[in-house]
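[1] Provided below are the primary sequence and the corresponding predicted coordinates.
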Amino acid sequence: MSTSQEIKPVRKAIFPVAGLGTRFLPVTKVLPKEMLPINDRPLIQHVVEEARDAGIEEFIFVTGRSKEMLEEHFDYQPELMQTLKERNKLYELDLVRSTHIPEGRFFLTRQAKPLGLGHAIWCARRLVGNEPFAVILPDELIQNDVGCLAQMVDVYNQKGGNVIAVEEVAHEEAQNYGIVDTDDDLTQKVVSVKGLVEKPAPGEQPSNLSIIGRYILQPEVFKELESLERGAGNEVQLTDNMAKLIGRQPFHGMKFKGIRHDAGRRAGFIKANVAYGLADPKIGGNVRKEILKLADKIREDEKLKGAA
């Protein structure tokens with residue numbers, strides 16, 4: 001891939017949404033975790049909008065049991081729209097319209113068994129076909145005016161091949177992530193990837209650049225995933241199979257601009273709600289006031305504890 005003419009556009013994105021959301025029980029007993037609200041919209045809508053803003057045209061959900069609500073959310077809802085129109089609630093009408101993914105652009109496939117992220121991506125192979133594609137993990141939100149995937153598409157259009165989003169983590173936390181091995185200066189925005197290690201043992205990490213939930217991949221990765229070979233956690237690891245493309249295709253890691261929220265964990269979910277609430281022009285001022293009140297209460301409690 002030496003010229004921009006040879007780089008195929010990224011038109012499709014896979015959203016792995018088959019997880020059970022056990023960290024959020026009991027609320028996720030019937031409600032898909034991807035429908036949990038972050039400020040004014042569900043978690044899944046934030047990442048679909050990020051993909052849409054990056055030029056994605058086809059949205060592929062890899063689902064599991066009891067995920068029908070995800071499909072309903074992005075469906076056309078004429079009764080609700082008509083009611084809002086009759087009540088002259090035009091702002092709310094626009095909000096509902098913005099959730100609709102048109103026919104022929106929204107696809108669902110099942111991951112019948114929880115065999116890992118690599119297996120989930122493999123389940124979408126026939127819907128992707130022989131073209132590059134993006135993967136977006138809905139649990140990970142990147143808060144920024146220009147979405148993380150749009151930043152990655154810019155890098156991909158220059159470099160081609162495979163592009164992954166990366167973030168620096170503390171060395172002692174590297175064992176919890178997929179880690180990039182590179183010879184490049186870690187202060188660069190874009191680095192060449194020479195290896196990937198999924199959850200390295202303590203002290204064996206090649207760098208402190210962790211892979212986060214955004215990928216642009218070439219379709220050849222499906223061939224590597226075919227064997228369904230198990231890796232860390234006895235799951236089919238996407239990282240292990242991406243690594244097999246290194247040396248055969250361009251492979252780069254990109255440090256994104258923005259604040260990452262791990263909304264798949266309860267504390268990260270609450271943090272994301274606070275951050276998005278503060279950024280909301282309608283309620284941001286009130287959210288700030290409430291936070292300051294809570295901060296004063298915390299300080300008061302700490303003083304009382306110290307005096308006891």
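    Okay, I see it.
[2] which stretches of the stretch 201-308 of the chain form helices?
    Assigned by DSSP state H, counting those that start in this stretch, the helices in the stretch 201-308 of the chain fall at 220-225, 238-243, 266-279, 284-307.
[3] pull out the buried positions in stretch 126-145.
    Neighbour counts using 16 or more other CB atoms under 10 Å place 127-128, 132-143 of stretch 126-145 among the buried residues. C-betas here are computed from N, CA, C, even on glycine.
[4] can you check stretch 255-265 too?
    For stretch 255-265, the buried set under the neighbour-count rule, 16+ other CB under 10 Å, comprises 255-256, 258, 260-261, 263-264.
[5] got a pLDDT number for the nearest residue to Tyr76 once chain neighbours are set aside?
    Nearest residue to Tyr76 in three dimensions, chain neighbours excluded: His100, at 5.4 Å (CB to CB, 6 or more residues apart in numbering). The score at His100 is 91. That number is its pLDDT.
[6] next one: Asn208
    At Asn208, pLDDT is 88.
[7] again, but for Ser4
    In this model, Ser4 carries a pLDDT of 44.
[8] the strands in the chain, which residues?
    Here the chain has its strands, by DSSP state E, at 12-16, 37-38, 41-42, 58-63, 106-110, 133-136, 140-143, 162-168, 178-181, 190-192, 195-198, 209-217, 251-255, 259-262.
[9] quick one on the thing from earlier: among the helices of the stretch 201-308 of the chain, which is nearest Ala112?
    Smallest distance to Ala112 across the helices of the stretch 201-308 of the chain (CB to CB): 15.8 Å, for helix 220-225.
[10] which residues are contacting the closest one?
    By CB atoms under 8 Å, 6 or more residues apart in numbering, the surrounding residues in contact with helix 220-225 are 118-119, 121-122, 125, 128, 162, 236, 238, 241-242, 244-245, 248-249.
[11] what do you get for stretch 165-176?
    142, 148, 152, 177, 180, 186, 191, 199-202, 205, 208-215, 253-256, 260.
[12] show me where the stretch 51-200 of the chain has helices.
    Applying DSSP H, counting those that start in this stretch to the stretch 51-200 of the chain gives helices spanning 68-73, 78-86, 90-98, 117-122, 125-128, 148-159.
[13] just say which of the ones you listed is most tucked in.
    Per-residue neighbour counts averaged over each of the helices of the stretch 51-200 of the chain give the maximum for helix 117-122, namely a mean of 24 (mean count of other CB atoms under 10 Å).
[14] ok now that one, how far from the chain's centre?
    Computed by CA atoms, centre = their mean, to the nearest Å, the chain-centroid distance of helix 117-122 equals 14 Å.
[15] equivalent analysis for stretch 215-229, please.
    Put simply, stretch 215-229 sits 18 Å off its chain's centre (CA atoms, centre = their mean).
[16] may I have the distance across that stretch, first residue to last?
    For stretch 215-229, the first-to-last residue distance is 20 Å (CA to CA, to the nearest Å).
[17] returning to what we had before: buried deepest among the helices of the stretch 201-308 of the chain, which one?
    Of the helices of the stretch 201-308 of the chain, the one with the most neighbours on average (mean count of other CB under 10 Å) is helix 238-243, at a mean of 24.
[18] for that one, name the packing helices and strands.
    Counting contacts by 3 or more CB pairs under 8 Å, 6 or more residues apart in numbering; DSSP states H and E, helix 238-243 is packed against helix 117-122, strand 195-198, strand 209-217, helix 220-225.
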